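Visitor: quick one, what's the 3D model for this:
(one chain, ligands or ions: 1)
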Amino acid sequence: MINKIKELEKISRLLDSGQSQRDKWNAEVLDYSNTFINKLDSSKAYFTSEENGKDIYDLDITEQPTELSTLLESTSKNIDEVGINPASGGHMGYIPGGGLYPSALGDYIAAVNNRYAGVFFAAPGAVRLENMLIRWMCKLMGYPETSTGNLTSGGSIANLVAIVSARESFNLKARDFEKAVIYLSEQAHHSIQKAIRIAGLSEAHIRYIPLDEGLRLSVNLLEKAIIEDKENGLIPFFINASFGTTNTGAIDPINPIAEIASKHKLWFHVDAAYGGFFKLVAEMSSKFKGIEKADSITLDPHKTLFLPFGTGTILMKDKEKLLKAYHFLADYMQDTIEADEEISPADISPELTKHFRGMRMWLPLKLYGVKPFRASLEEKLYLTRHFYNEIKQTKGFEVGPEPELSVAMFRYIPSNQDANSFNKKLIQAIQKDGRIFLSSTTVNGVFWIRVAVVIFRTHLEQMDLLLKIINEKVEELSN
Ligand SMILES: *Cc1c(COP(=O)(O)O)cnc(C)c1O
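Guide: A predicted model of the protein is given here:
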């Protein structure tokens, strides 16, 4: 037996690499990272390819080891140079992106020390660090001391946590679901609908409240719908407002909705996954009026705090409501409560064992300080307005509503072709070019091209290049 153990130990020790091996790997990864980042200025925001990364299959899992250099080469070719490049300043299509470098170091540290950040007893320092970040965000939103929150993997899970908390807080049981009513605008993010289904609430009524001319939820129609539903014996319980719709960047009227929610005693959730961190910009403050009245708020540090993917946030004004929905004590966890000076992430989220996400958020915020984040967000607002004004003044173009945040919509109106099909060709031509990546959307049957400015690497240079590309492509397509 002992011999067998020793034999196995010899092989299993391969998993604990010594320093010289680690140094070698670190150097190779560092070299890869530097090449990747230094090339960003000249590389594409969108790569079209026939292969679409298929050769990654050549590196399927095997009994024998493979050299790191082989893996990194394949990563560059089959992963980095296909599809959208969200690290690029030219990525102005979908909302998330960026990926601050210190976050990579944070992930590295968190993976090396591998603290068990879900439970205070196990990792008091790590839990304190995450709760400190939560408190910073609660304060930013104007939340009281009784608030809390959780770092989730993204905004979708944060929205799910909010809906489940509201369901539990209203004590809704299966027999009530058919009567429950949820209110949202037609422009609410689809993760809300997904969360409703996952939360078991498919049978609930979903009221899509029509939009005003700025594509914001219409408050009067909201209150009318609630009153009507109550009169019909239904149970209105949840209102979702978007602080920045993903599609057009419209901000639902937060304070008036908060007042309606409070008057009719509904749960008020603000999905600020895209727009929340614009609170850092002083000029935007008034638009946030009333957000502190929301029962829950979704933020997405992997969007407007420029973190790499995998960090969202749910904030809850009353921590008891999160505990009610998620606290669960297993017998084998009985050692853990005694020492709890701080709320544990596991007590207020669906997760138990989890990534120590706080490290990837704390490191950049501390290494840079908040100032450059504030400046970068304000820069994005101005860049969007700059683009909007320029394209509005260019002959032949039509624009969407004045941008409230950093999303603008435009389309070209050709003199002798159908506008929808022309703009479809235009977006395809821009994407094929790839230097800048944009996406499109349809609002009330009209095909629009959207520009979403959310990457920290997007500056005036990329906006001007975008204007140049749009004009070039319109000319090509017109001839
Ligand atoms: C992106 C987004 C979400 C979903 O967040 P993920 O982090 O992608 O899961 C939800 N709501 C809004 C408004 C968003 O922009």
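
Visitor: need phi/psi at the residue of the stretch 101-250 of the chain found nearest the ligand.
Guide: Proximity of the stretch 101-250 of the chain to the ligand (Cβ to the nearest ligand atom) peaks at G155, 2.5 Å away. The way it works is simple: take the backbone N, C-alpha and C, and place the C-beta from them, glycine included. Phi and psi for G155, reported as degrees, to the nearest 10, are phi -70, psi -30.

Visitor: give me every residue that touches it.
Guide: Applying Cβ atoms under 8 Å, 6 or more residues apart in numbering to G155 gives the contacts 189, 191, 271, 273, 298-300, 303, 312.

Visitor: check it and give its pLDDT.
Guide: Residue-level confidence at G155 comes out at 97, pLDDT.

Visitor: quick check: buried residues in the helix-or-strand element of the chain with minimal mean pLDDT?
Guide: Each helix and strand of the chain was given a mean pLDDT (mean pLDDT, DSSP states H and E); the minimum falls on helix 319-326 at a mean of 85. Buried positions in helix 319-326, judged by neighbour count with 16 or more other Cβ atoms under 10 Å: 319, 321-323, 325-326.

Visitor: turn those into CSV, including distance to the ligand.
Guide: Putting those into CSV (distance: Cβ to the nearest ligand atom, whole Å) gives the following:
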residue, distance to the ligand
K319, 23
K321, 20
L322, 19
L323, 23
A325, 19
Y326, 19
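
Visitor: how about I297, secondary structure?
Guide: In terms of secondary structure, I297 is strand; the call rests on DSSP: H, G, I helix; E, B strand; the rest coil.

Visitor: quick one: it and the ligand, what's the gap?
Guide: Applying Cβ to the nearest ligand atom, to the nearest Å, the value for I297 to the ligand is 11 Å.

Visitor: residues near that residue, how many?
Guide: Each residue near I297 was counted by other Cβ atoms under 10 Å, and the total is 31.

Visitor: measure it to I56 for me?
Guide: Distance from I297 to I56, counting by Cβ to Cβ, to the nearest Å: 38 Å.

Visitor: report the secondary structure state of T441.
Guide: Classification of T441 using three-state DSSP returns strand.

Visitor: how about it, what does it touch?
Guide: Contacts of T441 were listed using Cβ under 8 Å, 6+ apart, and they are 247-248, 409, 447-448, 450.

Visitor: near the ligand, which residues of this protein?
Guide: Listed as neighbours of the ligand in the chain under the rule Cβ under 6 Å from any ligand atom: 95, 154-156, 159, 189, 191, 242, 246, 271, 273-274, 300, 312.

Visitor: hmm, back to that, packing partners of the least confident helix or strand of the chain?
Guide: Applying 3 or more Cβ pairs under 8 Å, 6 or more residues apart in numbering; DSSP states H and E, one finds that helix 319-326 contacts strand 148-152, helix 155-169.

Visitor: again, only using 6 Å
Guide: Under the contact definition 3 or more Cβ pairs under 6 Å, 6 or more residues apart in numbering; DSSP states H and E, helix 319-326 sits against helix 155-169.

Visitor: name the residues of the helix or strand that the helix it packs on is followed by that are buried.
Guide: Per DSSP states H and E, helix 155-169 leads on to helix 174-177 as the next helix or strand towards the C-terminus. Neighbour-count burial for helix 174-177 flags 176-177 (criterion: 16+ other Cβ under 10 Å).

Visitor: how about helix 174-177 as CSV, C-alpha atoms only?
Guide: Below are the C-alpha coordinates for helix 174-177, written out as CSV (Å, rounded to 0.1, in the frame of the first residue of the first chain):
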residue,chain,number,x,y,z
ALA,A,174,-47.8,28.4,-6.7
ARG,A,175,-51.6,28.9,-6.2
ASP,A,176,-51.0,32.7,-6.4
PHE,A,177,-48.9,32.7,-9.6
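
Visitor: so what strands line up beside the helix or strand following it?
Guide: Towards the C-terminus, the helix or strand next in line after helix 174-177, according to DSSP H and E, is strand 180-185. Here strand 180-185 is paired, per DSSP bridges, with strand 205-209 (parallel), strand 235-242 (parallel).

Visitor: gap between the longest one and the chain center?
Guide: Pointing back at strand 235-242 there. If you compare the mean C-alpha spot of strand 235-242 with that of the full chain, they lie 21 Å apart, counting by Cα atoms, centre = their mean, to the nearest Å.

Visitor: pLDDT of it, averaged?
Guide: For strand 235-242, the per-residue pLDDT values average out at 97.

Visitor: swap in stretch 138-151?
Guide: Here the mean pLDDT over stretch 138-151 is 97, rounded to a whole number.

Visitor: let me know the pLDDT of the residue in the stretch 1-150 of the chain positioned nearest to the ligand.
Guide: Sorted by distance to the ligand under Cβ to the nearest ligand atom, the residues of the stretch 1-150 of the chain start with I95, at 5.0 Å. Here the pLDDT value assigned to I95 is 78.

Visitor: just checking, it touches Y274?
Guide: Yes - I95 lies in contact with Y274 (Cβ atoms under 6 Å); the separation is 5.2 Å.

Visitor: low-confidence bits of this structure, can you list those?
Guide: Counting by pLDDT under 70, the chain shows low-confidence ranges at 329-339.

Visitor: what segments of it are strands?
Guide: Using DSSP state E, the strands of the chain run over residues 46-47, 83-84, 148-152, 180-185, 205-209, 235-242, 267-271, 296-299, 312-316, 397-399, 407-412, 439-443, 446-452.

Visitor: out of those, which is the most enclosed?
Guide: Of the strands of the chain, the one with the most neighbours on average (mean count of other Cβ atoms under 10 Å) is strand 296-299, at a mean of 31.

Visitor: which residues are in contact with stretch 242-259?
Guide: Stretch 242-259 is contacted by residues 95, 187-189, 214-217, 219, 241, 268, 270-272, 274-275, 287, 289-291, 293, 403-405, 407, 441 when judged by Cβ atoms under 6 Å, 6 or more residues apart in numbering.

Visitor: enumerate every residue touching the closest residue to T152 other than its chain neighbours.
Guide: Residue nearest to T152 in three dimensions, not counting chain neighbours: G312, with 4.3 Å by Cβ to Cβ, 6 or more residues apart in numbering. When the contact criterion is Cβ under 6 Å, 6+ apart, the partners of G312 are 152, 154-155, 158, 300.
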